[in-house]
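Engineer: Below are the sequence and a predicted model for it; my questions follow.
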Amino acid sequence: MKHSLPQTSKQKDKKPKLSPLEKAQNRFNKLVQEISEQEDRNKTEAAQADRYHQLYQEKILPLLRQYAQEKMLLVRQLDDIFYNNRFSKSQTRQYLEWIIQTLMEISAFNEAAETLLQQKQQELYDSLPRRSKDKLNQVHEELENTDPSSWMEEDWADDYREESAFDVNATYQQAPTPEVDDIGPLYKELAKKIHPDLEQDEAKKEWKHQLMQQLTEARKNKDLYTLLRIKAQLEESAAETNWPLQQLQRFNKLLQQKLDALKRSQLHTLAGRMMRQGLDGFAGGDAEKDIHREMRELKKTIRTIREERTQFQTKEHLEYLLNLVG
């Protein structure tokens, strides 16, 4: 008498092997779900970016102008100390380089700083030895006669142009270009399934009317993704797609391109905020919290500048400052 070996728990839990078509169908459903979730994330990020921009204009810009004004008062005070005392050539050069850097920081928010910046740049140029002036003039002349694109190595330039070509304001609606041949047949298939006029249930009838509007708009815009999303909504199971494997794989490829485009769009939205806030100051997420944190830091910096104006009164104080920044 033969006895069969008892099944292990691992053997009992072993799932049946999926066919290539079933795998493609599961992939289709997963991509549709991931795209829907990514769209929601993009909408949230875009709303936060818009809110941050609005609050930046209302709250941060006035503080930046105040910061620039306080910094300009400090510059004027230090300038008086510098020109009422004697300093070595190296100290003069160091002072001018520091003052130019400071004025460049605030010139966008203070017209007087822009005017003084040009004056200080000329003073620094005049203080240079002849050989340094000749070198600087040569570099300036070369830059004027050089195509900026030649500054970049060929491969890097191609990457830069490709990245620049991507719309930094891309929204969650961005989609890859579908194959036109897919639009018509898929539209007809879905229109037959939806057909709201044949629906008896009023709630379902209203839902199907909305779907039909989306369907018509999608056909008009050649929006294959929306057609595929509606298809997924109508099916009760992955097996009901009834597409050949090759066609389903092609749709999955388009859906993956759509998902990748949405993720790039989110990154560009985040990068826009990061560029404005700076890498150290970027926290992402809630725009209100980011703005309030920046306001606190700016107000603290303004108080520090006011304290410095009371402290830096003599030549010794200025020399001490130059040693700090040197």
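Structural biologist: Nice, I can see it.

Engineer: gap between Asn29 and Gln233?
Structural biologist: 11 Å (C-beta to C-beta, to the nearest Å). All C-beta spots, glycine's among them, are computed from the backbone N, C-alpha and C.

Engineer: nope, Asp126 is what I meant
Structural biologist: When C-beta to C-beta is the yardstick, Asp126 and Gln233 sit 73 Å from each other.

Engineer: Walking through this structure, point out its helices one by one.
Structural biologist: According to DSSP state H, the chain carries its helices in the segments 9-13, 20-55, 61-83, 89-106, 111-127, 130-144, 154-165, 180-194, 202-220, 224-234, 245-277, 287-311, 315-325.

Engineer: Can you flag the weakest of the ones you listed by average pLDDT?
Structural biologist: Per-stretch averages of pLDDT across those put helix 154-165 at the bottom, with a mean of 42.

Engineer: got the CA coordinates for stretch 268-275 in CSV?
Structural biologist: Output in CSV follows, covering the C-alpha atoms of stretch 268-275 (Å, rounded to 0.1, in the frame of the first residue of the first chain):
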residue,chain,number,x,y,z
HIS,A,268,10.1,69.6,-11.3
THR,A,269,7.5,71.0,-9.0
LEU,A,270,9.6,70.1,-6.0
ALA,A,271,12.7,71.4,-7.6
GLY,A,272,11.1,74.8,-8.2
ARG,A,273,10.4,75.2,-4.5
MET,A,274,13.8,73.9,-3.6
MET,A,275,15.6,76.4,-5.9
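
Engineer: what comes up buried for that stretch?
Structural biologist: Taking 16 or more other C-beta atoms under 10 Å as the neighbour-count basis, stretch 268-275 is seen to contain the buried residues 268-269, 272-273.

Engineer: Skipping adjacent residues, who's closest to Leu128 in space?
Structural biologist: Counting by C-beta to C-beta, 6 or more residues apart in numbering, Leu128 lies nearest to Leu136, which is 7.0 Å off, once chain neighbours are set aside.

Engineer: State the distance from the one you found to Gln91.
Structural biologist: Counting by C-beta to C-beta, the gap from Leu136 to Gln91 is 21 Å.

Engineer: Ala49 against Arg273, yeah?
Structural biologist: Yes - the pair formed by Ala49 and Arg273 meets the contact definition of C-beta atoms under 8 Å, at 5.7 Å.

Engineer: so Ile230 touches Lys193, yeah?
Structural biologist: No - the pair formed by Ile230 and Lys193 falls short of the contact definition of C-beta under 8 Å, at 9.2 Å.

Engineer: rewinding a little: so which of the helices of the chain is the most surrounded?
Structural biologist: Compared across those, helix 224-234 shows the largest average neighbour count, a mean of 20 (mean count of other C-beta atoms under 10 Å).

Engineer: give me every residue that touches Ser107.
Structural biologist: When contacts are counted by C-beta atoms under 8 Å, 6 or more residues apart in numbering, Ser107 is found next to 113-114, 117.

Engineer: Same list (the residues you listed) but as CSV, adding distance to Val325.
Structural biologist: Output for the contacts of Ser107, formatted as CSV (distance: C-beta to C-beta, whole Å):
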residue, distance to Val325
Ala113, 18
Glu114, 22
Leu117, 17
